[in-house]
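**Q** I need the structure of the sequence given here:
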Amino acid sequence: MRAPTGIQYELTLQTPSGPARVVVTEVAAGLRVYSVNGIDLVETFDELVQPPMAAGIVLVPWPNRIRDGQWTQNGVTRQLALTEPGKQNASHGLLRFTPYRKVSQTSDTVTLAATVFPQSGYPFHLETEVTYALTATGLDVTHRVSNVGAEPAPVAVGAHPFLKIGDVLTEDLVVRVDAATHVDVDDRLNPTGETAVDGTRFDLRGGRAVGDLDLDDGFGGIGAAGEHSLTAPDGRSITLWGDETMRYVQVFTPRIFPVTQGPAEPVRGLAIAIEPMTAPANAFNSGAGLHWVAPGEQWVVRWGIRHAGFELQN
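**A** Next up, the predicted model:
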C-alpha cells in the first residue's frame, strides 16, 4: 500500500545530542518526523494516514484563511475554492495535496519543488522549493518562491509544525511567544483587527503552561529575534525561529489531536502547533504582510527549529 503522503524522504545526522532524524513527505513537502536521539520534537503520524490537522505541511501561496475564498485585485473579484467549507474559507494555500518532486538530496538535506499553476482565484504561475537541512543544533528550513509568470503575484508563506518534547505531557510544557500584538478574529476565524497583548490573556511573552491555553490565534509584532519556544519541566527546550520575513505566528492548541497516530484508533489529546507565517489570515484582502513577487523574481523565506539541553552525557 502506497502512503497517502507519497514518498518518504529520510534525513539523518550525528549531532552532539545524538542522532537526528527527519522524514519529509512527497505530498505537501510535510515534516512528518523530527527526532533527536530518539526523542520526538514534532508530533508524528503513521505514513499510512493523512497529516492530522495539516500537521507539518507547507502553506503556499498563503497560510491560514481567506474569507469567503474571495479577494479583489484592480477591481476584479477573484474566487478561490472553499477548502474550509464549514467556515466558508479558502484555507492553507494551494499545495496541501500536491506531490512535490525531488530536486536534490544528501544524507542530511533534501530540496523538493512544486508548481503553482494559474487557476481559479489565483491566475499566477509560481515555482516553489523548500529545503530541509539538519544541523548540529536543529533543523533549518528554506522556502524559495519564483514568479515565472508575466504579472506580479501576491504570496505569503507559512508552515504548520506541531511541536513536542518527547514523552513530556504537552500540558506541562511552557510556551513563550515573542509577539506584541494579537490578531482579533470573528467567529469564522477571520481577522477583524490587531491589538496589543499587554495585560491580556494573549500575552505569552513571559511563558504560559500549554495546558492553560485554548488557542487558534494569530499574533504579530514579532520581536527582532523572531523566536518562540517550548520548555519542559526538566529544562530541555525547543525554539522555533523565523527570519525577518516571518512577522506573524499562529498558535493552535487542539485537545483532540491524535497524539499517537497509526492505522489503529488514535488516542486524542492536547497538542500545540506554532506556525511561522509571513502574513496573517486574510492577507490577500488586508495586505498585511503580503509580498508581491515580481516576474522573474525569487523570494526567499527561512525558519527552523533549534533544541537545547539534549546534549549527550559522557
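
**Q** remind me which residues of the stretch 151-300 of the chain are low pLDDT?
**A** Along the stretch 151-300 of the chain, segments meeting pLDDT under 70 span 260-265.

**Q** So which residue is dead centre in this protein?
**A** For the chain, Ala159 is the residue whose C-alpha lies nearest the centre (Cα atoms, centre = their mean; 1.8 Å).

**Q** just checking, that one touches Val141?
**A** Yes. Counting by Cβ atoms under 8 Å, Val141 is a contact partner of Ala159 at 6.8 Å. The C-beta positions use only the backbone N, C-alpha and C, and glycine is treated the same way.

**Q** list residues touching both of the two?
**A** Common contacts of Ala159 and Val141 (Cβ atoms under 8 Å, 6 or more residues apart in numbering): Leu31, Trp303.

**Q** tell me the contacts of Gly93?
**A** Gly93 neighbours (Cβ under 8 Å, 6+ apart): Val58, Leu59, Val60, Pro61, Trp62, Pro63, Gly158.

**Q** Skip the chain neighbours and tell me the closest residue to the fifth one.
**A** Nearest-residue entry for Trp62: Ala156, 4.7 Å, with adjacent residues in sequence omitted and distances by Cβ to Cβ, 6 or more residues apart in numbering.

**Q** Tell me which residues touch that neighbour, please.
**A** Taking Cβ under 8 Å, 6+ apart, we find Ala156 in contact with Pro61, Trp62, Pro63, Met277, Thr278, Ala279, Ala283, Gly289, Leu290, His291.

**Q** Just the local confidence number for the second one, please.
**A** What that stands for is Trp62. Per-residue confidence at Trp62 stands at 98 (pLDDT).

**Q** Run a quick neighbour tally on it.
**A** By other Cβ atoms under 10 Å, the residues close to Trp62 number 29.

**Q** My read is that it contacts Thr278, right?
**A** No. Between Trp62 and Thr278 there is no contact under Cβ under 8 Å: 9.3 Å.

**Q** Distance check, Ala133 against Thr239.
**A** 17 Å (Cβ to Cβ, to the nearest Å).
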